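**Student:** no FASTA, just this:
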Ligand code: HEC
Ligand code: HEC
């Protein structure tokens, strides 16, 4: 494994938390001064300061003002959250800023979600959704100590964990649960082939980390203040148990584990440097459709395609020729010539890419756009991607409800623009 910028974070986060510093010192050996630049600090001595004395203040002499504060090796749980998570889960954790990001502070969630559950969700992400893997072991930016800080921060936003007492009867039957799920749950939660607007329960990774108690607690108590009702009033306990038994059958799909090699940070940024510039019909001064980008790609136009997601997601699948410049680490944007058309994408499908486009425009790039439907739609259409073995196009998504203006700026896209999505690829 080649040491990349995230290694620095890892080493220093270990420094703050880990009482056994031997391991830390070994990690430090692989850190070269140049690598410090990724966090915008350029200060290889920063680790000597105690964590408490280390707000980002002196640490952000970035060339042009970048929208999110720079991650530093000493970022606290709150800072990590603000930089990495708030774009989708909102600053207060109430969720819904992007895509289908759920609330992280709902009391019935936090009281039933163990630290291990939170850690798995954050470290491994949720396949087929915009919830990326942030753990170092999956190619994300956070080492264990940083993950712990983040989990502690999220935990602190709501009630303490009390292992849920709900149990599921051994008589529960997935066969009886299936039609109940179809009638009562699927419209929001989707199924294996189709995502819904709510948490994608048909995900093997999720199902492995969620205990019976966690699942049943959610169904019995609901998530107050959201569309997730408390089903205790409308379902018999045995029916709830049958549904949980059915949910368990959703864990039977394979969890994709393969990854491409991590991005080196030296991939060529500009595609077809000798090509003509592309021309696009741009919606709301911001969005270009996947179909247009695909046409420009096939016609060998000169452009840069930026993958705004965490590198762990890039290493699963990315648009051919796309370079990984995560939304929280925008230093490499400086390498993009100002006259090159830049297209940024994510899976949300607008939020993280929107941050990259914002940053580019602040840097003076007039031609910086969001790929409207994001990578999931690109992938489902069979457009060129580089994918790790076994990574398939994600489940189809229903057209999202129009986001509120506050979320997207002046002109949110209409559902019609996202078009109907075929539930499965055509037979040929
Ligand atoms: C690009 C948007 C996005 C970003 C950024 C993001 N999340 Fe998520 N997150 C989601 C979505 C969408 C889901 C629901 C996935 C699903 O359907 O299973 C989710 C799920 C979760 C869950 C599981 C919640 C549950 O009810 O099971 C946790 C915990 C979580 N995110 C924490 C975080 C943290 C902490 C960060 C920052 C490191 C983060 N997320 C960054 C979109 C995002
Ligand atoms: C009207 C839409 C809707 C319906 C119907 C619905 N849910 Fe939900 N469900 C949600 C939403 C939205 C959330 C996440 C709420 C949040 O942001 O905290 C959720 C959360 C959950 C969770 C917690 C997931 C997690 O990781 O936190 C489980 C489990 C769940 N629902 C199961 C069910 C089951 C089983 C049914 C059918 C009996 C059902 N839901 C019906 C909308 C719905």
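**Tutor:** Looks like it came in fine. In this text the structure is predicted, and so the values were computed from the model without any measurement. Ligands and ions are numbered 1, 2, ... in the order given.
**Student:** chain center to stretch 289-305, what's the gap?
**Tutor:** Counting by Cα atoms, centre = their mean, to the nearest Å, stretch 289-305 is centred 24 Å from the centre of its parent chain.
**Student:** Equivalent analysis for stretch 269-286, please.
**Tutor:** In terms of Cα atoms, centre = their mean, the centre of stretch 269-286 is found 26 Å from the chain centre.
**Student:** Need the residues that contact that stretch.
**Tutor:** Contacting residues not belonging to stretch 269-286 are listed as 288-289, 292-293, 296-297, 299-305, 321, 323, 332, 335-337, 339-341, 354, 357, 367, 369-370, 372, 409-411, 413, 417 [Cβ atoms under 8 Å, 6 or more residues apart in numbering]. Where you see a C-beta, it was placed from the backbone N, CA and C, and this is true even at glycine.
**Student:** List the residues that contact residue 235.
**Tutor:** Contacts of residue 235 by Cβ under 8 Å, 6+ apart are 180, 184, 219, 243.
**Student:** Just among those, which is most surrounded?
**Tutor:** Per-residue neighbour counts (other Cβ atoms under 10 Å) across these peak at residue 243, which has 26 neighbours.
**Student:** Torsion angles phi and psi at it?
**Tutor:** According to degrees, to the nearest 10, the main-chain angles of residue 243 amount to phi -60, psi -40.
**Student:** quick one, what contacts it?
**Tutor:** If you count contacts by Cβ under 8 Å, 6+ apart, then residue 243 has 177, 180, 181, 184, 185, 219, 235 around it.
**Student:** Now with 7 Å, please.
**Tutor:** Contacts for residue 243 were tallied using Cβ atoms under 7 Å, 6 or more residues apart in numbering; they are 177, 180, 181, 185, 219.
**Student:** The stretch 251-400 of the chain: helices as residue ranges?
**Tutor:** Counting by DSSP state H, counting those that start in this stretch, the stretch 251-400 of the chain forms helices over residues 290-298, 311-314, 351-362, 374-380, given from the N-terminal end onward.
**Student:** So which of these is nearest ligand 2?
**Tutor:** When those are ranked by distance to ligand 2, counting by Cβ to the nearest ligand atom, first place goes to helix 351-362 at 16.4 Å.
**Student:** and the closest one, which residues are buried?
**Tutor:** In terms of neighbour count (16 or more other Cβ atoms under 10 Å), helix 351-362 has its buried residues at 351, 352, 353, 354, 355, 356, 357, 358, 359, 360, 361.
**Student:** So which one of those is the model least confident about?
**Tutor:** Taking pLDDT as the measure, those have their low point at residue 351 (89).
**Student:** which ones are touching it?
**Tutor:** For residue 351, the contacting residues are 87, 88, 97, 98, by Cβ under 7 Å, 6+ apart.
**Student:** Relative to ligand 1, how far out is it?
**Tutor:** 6 Å (Cβ to the nearest ligand atom, to the nearest Å).
**Student:** Ok, residue 329 next?
**Tutor:** Counting by Cβ to the nearest ligand atom, the separation of residue 329 from ligand 1 is 13 Å.
**Student:** If anything else comes up later, I'll come back, but that's it for now.
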